[in-house]
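# Predicted model follows, preceded by the sequence.
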Amino acid sequence: MKMNSEQSQDWISQAETVLDIEIAALEQQKIALDDAFVQAATLILHLKGKLVIIGMGKSGIIARKIAATFASTGTPAFFVHAAEAQHGDLGMITRDDAVLALSHSGETDEVCGLLPTIKRLGAPIIAMTGGKTSTLAKHADHLLHIPVTEEACPMNLAPTASTTATLALGDALAVVVLKHRGIQPEDFARVHPAGSLGRRLMSVADVMHTGDKVPMVSSDASLKDAIYTMSSSRFGITGIGVNDKLEGCLTDGDLRRILQQGQVDMDKPVADIMHTSPLTIEQTHLATEAVRLMEDKKITVLFVTNVQQHLVGVVHLHDLLQAGIS
């Protein structure tokens, strides 16, 4: 269907109205934050068990997303469909857990029907609802009010602004708990092993070469020995030292410069011509940091150390790029 410019602008204006309503809902949600939010976050942070998030319909979809956000940021959490909970899934909830229940009206039959049983189990209830005096609110230990009264739907019926506000509040709750849990990038990587996110969070230890694959000669080795070791590996470099102590290195570039000088003494101790301060990176650092360091220094290899600065491996730029790390 082809539209004229006036019709196109009308559609854009309608979309802008929807966004304005939803932005206003988020502003309302921000103002509504109170001590109940702090209490709920504290409860989740110190849970012995899991965070169980329940909902129905559109609220159920939002509940599932909030559960996924908590689980991926260090808080054991799972979604339970309120209707399924009435037919056996309620058995997944224990007294060590906490329940985050979503219902904008606060009167959803399937959600409210679970509340007495959850109370008997002894699991605390956090409610996210627009009904401050609703059944859900009255049963809750902590009430997170969703003050949205206007949906973006022109009939004010389809959950739109209210679900946006609920989702954003769930994100806020998860991120505050995440920050106070002290989650680090490597912790995040453990629960995101696949995809581009997992690749960005890989550590140097995940891609480095170790053991016999690390080219090394002793400091009293000859230049001839060093060249043989470099030729036996594909790294274009050899480390120089004893065991896990890295004293220096020799590169293909160094050899080219030596050859350009004319006379080459193949029996010369490699310690006399080595770099005494080779670039290294700790194995716990992100692999993306290794790529940036190599690009900054215009090199293709880094030696890898542990926190005690002992040599534990070597990493090549090609390995990082082949792993999809950039």
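Noted; the coordinates are in hand. Numbering: from 1, shown residues only.
# Report the secondary structure state of G248.
strand (DSSP: H, G, I helix; E, B strand; the rest coil).
# Quick check: chain neighbours aside, which residue is closest to it?
Leaving out its chain neighbours, the residue that sits closest to G248 by CB to CB, 6 or more residues apart in numbering is M274, at 3.5 Å. Placement of C-beta: from N, CA and C, glycine included.
# list the contacts for the one you found?
Residues near M274 by CB atoms under 8 Å, 6 or more residues apart in numbering: S219, I240, E247, G248, C249, L250, D254.
# nearest to V291, of the residues you listed?
C249 (19.4 Å; CB to CB).
# picking up where we left off before, go through the contacts of M274 and name the one nearest K179.
C249 (40.4 Å).
# Would you mind measuring from the closest one to V301?
9 Å (CB to CB, to the nearest Å).
# residues shared between the contacts of these two?
In contact with both C249 and V301: I237, using CB under 8 Å, 6+ apart.
# What segments of this structure are helices?
5-32, 35-45, 57-72, 82-85, 109-112, 115-121, 135-139, 161-181, 185-190, 195-200, 223-232, 252-260, 287-297, 317-322 (DSSP state H).
# Quick one: closest of those helices to Q309.
helix 287-297 (16.2 Å).
# What residues of the closest one count as buried?
Neighbour-count burial for helix 287-297, with 16 or more other CB atoms under 10 Å as criterion, is recorded at A287, T288, A290, V291, M294.
# shaky segments in this structure?
1, 87-89, 183-201, 326 (pLDDT under 70).
# who touches G113 in this structure?
A82, Q86 are the contacts of G113 under CB under 8 Å, 6+ apart.
# List phi and psi for it.
The phi/psi pair for G113 (degrees, to the nearest 10) reads phi -70, psi -20.
# and it, how far is that from G57?
15 Å.
# Likewise for M230?
Distance, M230 to G57, by CB to CB: 66 Å.
# How about L223?
75 Å.
# now Q260
Distance from Q260 to G57, by CB to CB: 75 Å.
# what's the burial count for E27?
11 (other CB atoms under 10 Å).
# on that earlier part again, any chance of the buried residues of helix 287-297 in TSV, with distance to A158 too?
What follows is these, written out as TSV (distance: CB to CB, whole Å):
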residue	distance to A158
A287	45
T288	42
A290	49
V291	46
M294	52
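# G313 bridge partners, please.
V304 (DSSP bridges).
# Make 35 the starting number, not 1.
Noted, 35 is the first residue going forward, which turns the last one into G347.
# what's the burial count for it?
G347: 20 neighbours (other CB under 10 Å).
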